[in-house]
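# sequence and predicted structure are below.
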Amino acid sequence: MTFCRRRRHPNSSPAAPLEDDDLLAEILLRLPPQPSSLPRASLTCTRWRLLVRDPRFLRRFRVHHRSRGTAPVLGFFTEEDRGISFHPALDPPNRVPPEPFRLQITGSLLNCRIVCCRDGLALLVNVHPGKVLVWDPVTGDRRSLLLPPVFRNMDKFYSGMVLRSAAAVGDVDPFQFQVVLVRCIKGPHARAIACVYSSDTGAWGDLIQISTPLLRTLSMATSGALVGRSLYWSLYGTSRNTVLEFDLDRQNLAVIPLHMEGWIMSAEGGGLGLLSVSGQRAQLWKRETDSDSVATWCLTKTIHLNNFLPMISWDRLVIDFMDESNMLIMGTLDGIGIFTVHTESMQCKQLPVEFKILPRVFKPFASVYTAEIGVGAEHAGAELLHNR
């Protein structure tokens, strides 16, 4: 650490817990991951301030909360006519400044598309021709990847997901990740294609394919879900409800039929879940498999949305779901109100943003924001505490 350890005589009594630097660091490591937590702690004394500003402690703080899935939703990236924008979602004093979340590039962002936000990373296409960009808005790390040939010039016809590698744990916070791209090809030889990039190898893997007549008329949703070690994307276009599954460990694709339309999610207690919304009612389902390996969907919870939300025009409601935080996102077409409902805590919140027209893409971004190292945010910690 950058601070000095207090020395004591060998025969002296043990130091009090808060006088031991290592023990104090373990205590502060468990502060809530809200943006104002570390700036508040730094006001206690010079010793605490030196500790919470140490780069090694900040890396551990981010990794600690990311690995436990407790990173808060800092805001939302949107695609609008003017390009990509970031809108803070937390209330003061935890509302983050938007400046660190503005992607600085040479050229225009008007043609960029946000494919995915996950694990504190954002995946964008069309930042540079024929490439995808992986970006960490909190640390400013970024890497541009040349697309495999089958995905080039097809930015509107594929989806994907970025995942922080399991190696990014411990006292270090390396910029290590995987990118999974998937694409459905229609027609008489319909098939789905996937390809995986690993920052460990610095290369794309082999193409992974599956052929099925189901894919002849189906299109792929842009938002995917991570459940266990598999990725899922909804397929739509006919009366059939189908999901495309990619197993990260086995590196294979599968098509799973669904009994209803909805969003794939992690079920309570683990396993594959599904969220379906009809009118003012949301239902949570879990996929169960019996001793004969026959899968059925069991209803686990019903949420009456009208008990949480104000009187709005339900027939003009646009709905999306963020599986990383189990958060249902609802907005009116006129952009007047954006609401979130957490399916586990059942907490509802209206976001402090308004739009004249609801953006065509609305991607929640969850991460652990450490103000001291935010890009261009040297004094962001003080700004947070004075942001009332």
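Arrived safely, thanks for sending.
# buried sites along stretch 349-367?
Under the neighbour-count criterion of 16 or more other C-beta atoms under 10 Å, stretch 349-367 has 349, 351, 353, 355, 358-359, 361-367 buried. Bear in mind the C-beta positions are built from the backbone N, C-alpha and C, glycine included.
# start to end distance for it?
The first and last residues of stretch 349-367 sit 19 Å apart, counting by C-alpha to C-alpha, to the nearest Å.
# tell me the pLDDT of residue 111.
pLDDT for residue 111: 68.
# and what of residue 256?
85.
# helix/strand/coil for residue 59?
helix (DSSP: H, G, I helix; E, B strand; the rest coil).
# against residue 189, how distant is it?
48 Å (C-beta to C-beta, to the nearest Å).
# which of those two has more residues huddled nearby?
A direct count of neighbours by other C-beta atoms under 10 Å for residue 59 and residue 189 places residue 59 higher, at 19 against 9.
# what residue lies at the spatial centre of this structure?
residue 118 (2.7 Å; C-alpha atoms, centre = their mean).
# which of the residues in stretch 140-150 are buried?
For stretch 140-150, the buried set under the neighbour-count rule, 16+ other C-beta under 10 Å, comprises 142-143, 145, 147-148.
# what residue ranges in the stretch 201-350 of the chain score low on pLDDT?
For the stretch 201-350 of the chain, the stretches with pLDDT under 70 are 214-219, 222, 237-240, 310-318, 332-336.
# which parts of it are strands?
203-204, 208-211, 219-227, 230-236, 241-247, 252-258, 263-266, 272-278, 281-289, 295-304, 317-322, 327-332, 338-342, 348-350 (DSSP state E, counting those that start in this stretch).
# to residue 176, which of those lies closest?
Judged by C-beta to C-beta, the one of those that comes nearest to residue 176 is strand 203-204, at 14.0 Å.
# which residues does the closest one contact?
With contact meaning C-beta atoms under 8 Å, 6 or more residues apart in numbering, strand 203-204 is reached by 145, 148, 195-197.
# hmm, 7 Å instead?
148, 195, 197 (C-beta atoms under 7 Å, 6 or more residues apart in numbering).
# that older thread, tell me the one among the buried residues of stretch 349-367 nearest to residue 281.
residue 349 (19.8 Å).
# wait, that closest one sits on residue 342?
No - counting by C-beta atoms under 7 Å, residue 349 stays clear of residue 342, with 8.6 Å between them.
# separation between residue 223 and residue 319?
Distance from residue 223 to residue 319, by C-beta to C-beta: 11 Å.
# those two: which is more packed in?
Using other C-beta under 10 Å as the criterion, residue 223 and residue 319 rank with residue 223 on top: 22 against 14.
# how about the more buried one: what's its closest non-neighbour residue?
residue 320 (6.7 Å; C-beta to C-beta, 6 or more residues apart in numbering).
# mind listing the residues bridging to that neighbour?
Note on residue 320: beta-bridge partners by DSSP bridges are residue 329.
# okay, now it: neighbour count?
17.
# give the contact list for the nearest residue to residue 297 once chain neighbours are set aside.
Closest residue to residue 297 apart from its sequence neighbours, by C-beta to C-beta, 6+ apart: residue 285 at 4.6 Å. With contacts defined as C-beta under 7 Å, 6+ apart, residue 285 is in contact with 273-274, 276, 297-300.
# and with 8 Å instead?
260, 262, 267, 273-276, 297-300.
# which ChimeraX command selects the buried ones in the residues you listed?
Those of those that count as buried under 16+ other C-beta under 10 Å are selected in ChimeraX with:
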select :262,267,273,274,275,276,297
